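1. pasted the sequence and its predicted model underneath.
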Amino acid sequence: MPSSPLEHARAIVTGASSGIGEGIARAFAKAGASVIVNYHSDAEAAARIVGDIRDGGGQAEAVQADISTPEGCETLFDAAEERFGGLDVLVSNAGIQRDAAFTELTLEDWRQVLDVNLTGQFLCAQEAVRRFRAQGHAPDRSPALGKIIFTSSVHQAIPWAGHTNYATAKGGVKLLMESMAQELACEKIRVNAIAPGAIKTSINRDAWEDEAAKEQLLKLIPYGRVGEPEDVAQAAVWLASDASDYVVGTTLFVDGGMTLYPSFREGG
């Protein structure tokens with residue numbers, strides 16, 4: 001892979017003001033991409049990330065948008081058009097959790113998680129495809145017309161009691177990605193996903209900052225460590241680059257082996 005695998009690429013990263021999205025935005029900029037850093041409410045964090053990227057010689061713009069609405073998605077793509085001249089890569093990453101036991105889960109929390117984690121990914125991806133088609137293919141930029149990367153989760157495959165809305169959304173992302181890839185590959189639009197396992201972010205701080213909780217978590221990770229946002233970010237850089245040009249409709253698990261059901265390691 002060249003030293004700048006995303007040189008000249010123009011990217012949108014949704015939910016980029018913290019956690020995995022922040023890691024991806026920073027890694028994309030370091031790899032040469034111009035990045036729209038989307039945020040919902042934390043303008044200060046987004047501005048800090050953009051400032052760091054610019055200080056390092058990269059290009060980035062912070063754009064506020066609610067990606068669970070068509071209008072919010074359009075705002076992001078209009079910004080990419082105005083500031084970078086178009087778009088080559090969408091990383092549809094924004095997500096939330098609203099956890100509760102199944103019978104205690106409110107309809108509001110069910111809908112909110114599905115609206116952001118599934119419908120929002122659908123809306124942004126739909127707008128990306130429209131923009132890719134309108135731009136047209138530029139083989140001198142990339143063999144692909146455009147690239148879409150969804151952030152899914154190991155919970156597209158592993159059931160998760162107490163998190164029914166989240167797991168349902170991620171299961172939906174899996175088939176959304178695969179159905180899109182099947183339909184759009186003939187247009188040279190590459191659609192893939194990354195499924196992180198346990199990653200050190202603020203959303204799950206209690207699970208890895210407390211030593212007792214971390215010990216329990218590590219029992220689920222054969223590789224013996226909790227992941228970092230950078231682990232996911234480097235996978236995203238590869239999927240967004242032309243080095244992965246023949247990768248279509250694939251979910252890349254970045255989970256330290258969590259989906260290997262480690263409790264069965266000692267004979268089942």
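-> Everything's here; your move.
2. all helices of the stretch 51-200 of the chain, in order?
-> Counting by DSSP state H, counting those that start in this stretch, the stretch 51-200 of the chain has helices at residues 70-84, 107-114, 120-135, 164-184.
3. mind putting those helices into JSON lines with mean neighbour count, distance to Ala43 and mean pLDDT?
-> In short, each C-beta sits where N, CA and C put it, glycine included. JSON lines is the format used below for the helices of the stretch 51-200 of the chain (neighbours: other C-beta atoms under 10 Å; distance: least, C-beta to C-beta, whole Å; pLDDT from 0 to 100):
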{"stretch": "helix 70-84", "mean neighbour count": "18", "distance to Ala43": "14", "mean pLDDT": "97"}
{"stretch": "helix 107-114", "mean neighbour count": "15", "distance to Ala43": "21", "mean pLDDT": "98"}
{"stretch": "helix 120-135", "mean neighbour count": "20", "distance to Ala43": "19", "mean pLDDT": "98"}
{"stretch": "helix 164-184", "mean neighbour count": "19", "distance to Ala43": "26", "mean pLDDT": "98"}
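4. as TSV, those with distance to Ser152 would be great.
-> Below are the helices of the stretch 51-200 of the chain laid out as TSV (distance: least, C-beta to C-beta, whole Å):
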stretch	distance to Ser152
helix 70-84	19
helix 107-114	14
helix 120-135	9
helix 164-184	5
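5. among those helices, which comes closest to Asp52?
-> helix 70-84 (17.9 Å; C-beta to C-beta).
6. what packs against the closest one?
-> With contacts defined as 3 or more C-beta pairs under 8 Å, 6 or more residues apart in numbering; DSSP states H and E, helix 70-84 has these neighbours: strand 10-13, strand 34-39, strand 59-64, helix 120-135.
7. could you report the neighbour count for Gly57?
-> Using other C-beta atoms under 10 Å, Gly57 has 8 other residues around it.
8. same thing with Ile49?
-> Neighbour count of Ile49, defined by other C-beta under 10 Å: 25.
9. just Cys186 next, same as before
-> Counted with other C-beta under 10 Å, Cys186 comes out at 7.
10. repeat that for Arg225.
-> Counted with other C-beta under 10 Å, Arg225 comes out at 13.
11. cool, and Ile199?
-> 22.
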